[in-house]
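Enquirer: coords please:
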Amino acid sequence: MSHPLSRNSRNQLVRFGSASALSALLLLLAGLLPAQEGDPYKSKPAGHKEYKQLAARAHEANLKKHSNDSNILVLPGLIADKQKQRVEVMVESTQLKEGASCEFAIIGENSQHAYEALLISFAQPSAVHQALKFIGLKPGEPVDPEALRFWARGECLLLSIIRGKEPPIRLEKLLVDRRTGKTLPEDGFRFVGSRMVPALNDPGKKIYAADVYQPAVIVSLFNSTYSVLEVPYTAAKGDVYQNTSVNPEQKLTGEGLLTLVMEPLNKSDAKQAKDLVLEVRAAKPAAATNVLGLERLNYLSFQLKEPAAVLNQKPTLSSVMEALAPLDRKRHDYYLTVRFGDEIDLGSVQALAKILAVIDCERGVRIEPPPTGQLYYRAFTPDRDFLDREARMYHPWELALAESDGVVSGKLLRINSVYPKGATKSELEIAEVPVSGPQDFWKELEAETERTRKAKTRTKPPVIMVFAPASLKCGQLIKFLEPALPTHKTIHVYVDEPMPPIPGKKH
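Expert: Below is the predicted model:
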């Protein structure tokens, strides 16, 4: 489950999507548009054509020089040395003015965003990706809300700029954080790799997003699904644009063709990713109805594991916290996978989710997407504002569940905003459908897909709001939702909370 939708946040709308039906919409909302002919913002710097020609001539010379060397990869705009573990990319300065805002450190030559970037690369983003793999590096995982991944993974690289015969300068030193007045932290840049996405004119074909879609980013200063590299810490797009600017003490104007050097951080400087698993099971009979809140955690059993050992001495949550506290976060980034047992009641899952939300941070642990067939823990910490049907930006499915003698059934609401003829304001059109089990539930979702196909209207977003009693078991909920989980990954679970009433209906 992704973060609930904030009514004024375009970025959070991107978090609700399926990998197929909404791909084009997601690209649009993320600001990723196909490259257009020319440069609509007229943002290419003076001398750009000449530098492009210089880079082309340098490429031809490199091809001749290294034609018989299998340790050298030569691609337009770059050269990679496998033995030295070094990639050199030909770049030019965008010649931004002193104090100008920056969202991107390096963009591709076909990007139309030089007005908010530091450097332009004469190598394509996919070529940089290929070169890094050639010297032995593996791409990690970018932030991908569709896959419920909110933490990037990947090896960090040292990036520096060479100007003529001057000593290399770290890329971070070329940018300043307005909030501190200091240059960016010299932590390197994480190799995450841009996503492969369907081509707009051929959905069956996959393309490297950063090559084709704007802003064609190679190095992003905020967390992005679509750049080749990004900063190794949490950085939101809006914050970066407001607070990151060109360092006036390191001007690159009039410098000619520059060289970007990319190489792995020294082992002593590089953080290593470590995987942890938290297994959560029911230790005692289901919590009584008068046991509320965090007290429910006393009915659970916990086991914190790394590949070679169990870390907590006792099967309690406090023991898990004691095991997490001394972990060496200067040397490692910790990624935690949480597995919920089927027998745990939803009230207990909700109580634990509130704790997990606190430790899910850079200084704690970074919680991974859920295992197949499970819900993301954030499903149980939904935003209550999303309950306001009149204010939210779109209408997901609403599903109310109940249990009787071990059998789970419910009712499903299909909600749409419609404009009656002559009306100036939309009204809610609500259809209620009883669903006696998982198959009824899935049939209705499929029927809606068919209705929208025939009507040639937009399909409903793959989001489900669930209203369920605290006594319902996690396994029972998963079984009911199971047919839809491969396509509807975003689930909001409201525990012991009634579904908002249907206007005009007597209860």
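Enquirer: Pop the domain breakdown of the chain in here.
Expert: Taking automatic domain parsing as the domain assignment, the record places the domains of the chain at 43-264, 272-374, 382-495.
Enquirer: most tightly surrounded among those?
Expert: domain 43-264 (a mean of 19; mean count of other CB atoms under 10 Å). C-beta here means a position set from N, CA and C on the backbone, and glycine is covered the same way.
Enquirer: Identify the residues contacting stretch 429-442?
Expert: Applying CB atoms under 8 Å, 6 or more residues apart in numbering, the contact partners of stretch 429-442 are 399, 408-418, 444, 479-484, 502-503.
Enquirer: distance between the ends of that stretch?
Expert: 21 Å (CA to CA, to the nearest Å).
Enquirer: again, but for stretch 68-79
Expert: Length of stretch 68-79, first residue to last, CA to CA: 14 Å.
Enquirer: Can you pull out the residues in contact with it?
Expert: Counting by CB under 8 Å, 6+ apart, 55-56, 59, 62-63, 66, 80-83, 87-90, 109, 121-124, 127-128, 130-131, 134 sit against stretch 68-79.
Enquirer: Next step: those restricted to strands.
Expert: Among those, DSSP state E puts 80-81, 87-90, 121 in strands.
Enquirer: Reformat those into CSV and put distance to Thr424 and pLDDT next to each item.
Expert: Formatted as CSV, the ones in strands among the contacts of stretch 68-79 follow (distance: CB to CB, whole Å; pLDDT from 0 to 100):
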residue, distance to Thr424, pLDDT
Ala80, 61, 98
Asp81, 66, 98
Val87, 58, 98
Glu88, 61, 98
Val89, 55, 98
Met90, 57, 98
Ser121, 50, 98
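Enquirer: Leu317: which of these is nearest?
Expert: Nearest to Leu317 among the ones in strands among the contacts of stretch 68-79 is Val87, at 45.5 Å by CB to CB.
Enquirer: Who is that closest one paired with across the strands?
Expert: When bridges are called by DSSP bridges, Val87 pairs up with Ala80, Met262.
Enquirer: measure it to Ala131 for me?
Expert: Separation of Val87 from Ala131 (CB to CB, to the nearest Å): 5 Å.
Enquirer: okay, and the common contacts of those two?
Expert: Residues within reach of Val87 and of Ala131 at once, by CB under 8 Å, 6+ apart, are 78, 80, 262.
Enquirer: from those, which is closest to Asp187?
Expert: Taking CB to CB as the measure, Asp187 sits nearest to Met262 out of the shared contacts of Val87 and Ala131, at 14.8 Å.
Enquirer: Wait, that closest one touches Leu132, no?
Expert: Yes: at 6.9 Å, Met262 and Leu132 qualify as touching, with contact defined as CB atoms under 8 Å.
Enquirer: Which neighbours do those two have in common?
Expert: Contacts common to Met262 and Leu132, judged by CB under 8 Å, 6+ apart, are 87, 157.
Enquirer: Provide the backbone phi and psi angles at the closest residue to Val435 other than its chain neighbours.
Expert: By the measure of CB to CB, 6 or more residues apart in numbering, the closest residue to Val435 outside its immediate chain neighbours is Phe441, 4.4 Å from it. Per-residue torsions, Phe441: phi -60, psi -50 (degrees, to the nearest 10).
Enquirer: Tell me the pLDDT of Phe441.
Expert: Reported pLDDT at Phe441 in the predicted model: 96.
Enquirer: Next: the one 10 residues further on.
Expert: What the model reports as pLDDT for Arg451 is 91.
Enquirer: May I ask which helix or strand encompasses it?
Expert: Per DSSP states H and E: Arg451 is located in helix 438-455.
Enquirer: what's the distance between Glu50 and Cys156?
Expert: From Glu50 across to Cys156, the span is 34 Å (CB to CB).
Enquirer: re earlier: I'd like the distance between the residue nearest to Val435 and Pro434.
Expert: As judged by CB to CB, Phe441 and Pro434 stand 10 Å apart.
Enquirer: same deal with Thr487?
Expert: Thr487 sits 22 Å away from Pro434, taking CB to CB as the criterion.
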